[in-house]
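**Student:** Predicted model, plus sequence, below.
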Amino acid sequence: MASNPPGDCCVKGVKHEGTPTGVDINVGIHQAYLATPDPSTAKDAAILFIPDVISIWQNSRLMADQYAANGYLTLIIDPFKGDALSLNRPDGFDFVSWLSKGSTGDNPHTKEAVDPIIEAAIQYLTIVKGFKKLGAVGYCFGAKYVARHFKNGIQVGFMAHPSFVDEDELAGFKAPLSIAAAETDQIFPADKRHRSEEILAQGGLPYQINLYSQVVHGFSVRCDTSKKNERFAKEQAFLQAVTWFDNWLL
């Protein structure tokens, strides 16, 4: 694998302050959040936001709003059919069971279950909204599905602290890809990061892997912004994504 499976660190973090300005919608039967740019600054491209296991919540809504503030219509799709995890679960939570069966035992969050949800979101942006240029951001859990859905129309990608991305999935992303990595990350540690570099270099397409010091897995979504180094890393990772899309998607 190019990154390890999710773990307890995937639900640790801090809720950020702010008032979301987008709207909660449905894409078919799936919960979603749509952030729309001001018409005067709107770009002819959209971003699909594939979230971590906390899905559509305060922090991800604020981030989608910021992508919209930079001109990109942005859609967050809930990959979990309403079964997202809450922030800061108690130690000992059975993460593997939740992934394989869901909280109710009959709602798995495997690739077989998630792939059709991502495909529906892509169709919404490209068919219903009519966008010809489509980028995607994937945070932790969501990174795998950025890689998997190049074939369905994702043209430029960004991942932050990716989890359980298979090597063949990473190699199969035949488009520009940027990755934000944490210095301390048991899911995307140095050996996985270096292996990812090798895979992307072999692909011969534009790629970027930025390493942020003094932060841990999840920093780009759930860090403690009262800490200067964490806030800096979060903001720079966001700018990394926007700059990547501005250069390769437009």
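**Tutor:** Sure, I can see it.
**Student:** which strands and helices sit next to the longest helix seen in the chain?
**Tutor:** Counting residues, the longest helix in the chain under DSSP state H turns out to be helix 228-248. Applying 3 or more C-beta pairs under 8 Å, 6 or more residues apart in numbering; DSSP states H and E, one finds that helix 228-248 contacts helix 58-69, strand 156-160, strand 177-184, strand 207-216, helix 219-222. C-beta here means a position set from N, CA and C on the backbone, and glycine is covered the same way.
**Student:** so which of those gets nearest residue 133?
**Tutor:** strand 156-160 (8.2 Å; C-beta to C-beta).
**Student:** can you pull the buried residues of the helix or strand just after the closest one?
**Tutor:** The helix or strand immediately downstream of strand 156-160 is helix 167-171, counting by DSSP states H and E. Under the neighbour-count criterion of 16 or more other C-beta atoms under 10 Å, helix 167-171 has 167, 169, 170, 171 buried.
**Student:** May I see those organised as TSV, with pLDDT and distance to residue 199 added?
**Tutor:** Below are the buried residues of helix 167-171 laid out as TSV (pLDDT from 0 to 100; distance: C-beta to C-beta, whole Å):
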residue	pLDDT	distance to residue 199
167	97	6
169	97	10
170	97	5
171	97	5
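**Student:** now the residues you listed as CSV including distance to residue 153?
**Tutor:** Listed next are the buried residues of helix 167-171 as CSV, based on distance: C-beta to C-beta, whole Å:
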residue, distance to residue 153
167, 23
169, 16
170, 18
171, 19
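**Student:** buried set for the lowest-mean-pLDDT helix or strand in the chain?
**Tutor:** Across the helices and strands of the chain, mean confidence by mean pLDDT, DSSP states H and E is lowest for helix 95-101: a mean of 90. Across helix 95-101, burial judged by 16+ other C-beta under 10 Å covers 95, 98, 99.
**Student:** show me what contacts the residue nearest the centre of the chain?
**Tutor:** In the chain, the residue lying closest to the centroid (C-alpha atoms, centre = their mean) is residue 138, at 1.8 Å. By C-beta atoms under 8 Å, 6 or more residues apart in numbering, the contact set of residue 138 is 50, 144, 145, 146, 147, 157, 158, 159, 160, 162.
**Student:** Which strand residues bridge it?
**Tutor:** residue 50, residue 159 (DSSP bridges).
**Student:** distance of residue 196 from residue 167?
**Tutor:** Taking C-beta to C-beta, to the nearest Å as the measure, residue 196 falls 8 Å from residue 167.
**Student:** no, scratch that, I was asking about residue 247
**Tutor:** Remark: distance between residue 247 and residue 167 (C-beta to C-beta) = 26 Å.
**Student:** Residue 34 and residue 73 touch, don't they?
**Tutor:** Yes. Counting by C-beta atoms under 8 Å, residue 34 touches residue 73, with 7.5 Å between them.
**Student:** Just send the buried residues of helix 95-101 back as TSV, with distance to residue 133 too.
**Tutor:** Supplementary listing: the buried residues of helix 95-101 in TSV, determined by distance: C-beta to C-beta, whole Å:
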residue	distance to residue 133
95	35
98	35
99	32
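**Student:** What is the nearest of these to residue 221?
**Tutor:** In terms of C-beta to C-beta, no member of the buried residues of helix 95-101 lies closer to residue 221 than residue 95, at 17.2 Å.
**Student:** Pick the one among the buried residues of helix 167-171 closest to residue 61.
**Tutor:** Nearest member of the buried residues of helix 167-171 to residue 61, counting by C-beta to C-beta, is residue 169, at 27.3 Å.
**Student:** any idea how far the closest residue to the closest one other than its chain neighbours is from residue 57?
**Tutor:** Leaving aside its sequence neighbours, residue 169 sits nearest to residue 147 (C-beta to C-beta, 6 or more residues apart in numbering; 4.1 Å). Distance, residue 147 to residue 57, by C-beta to C-beta: 23 Å.
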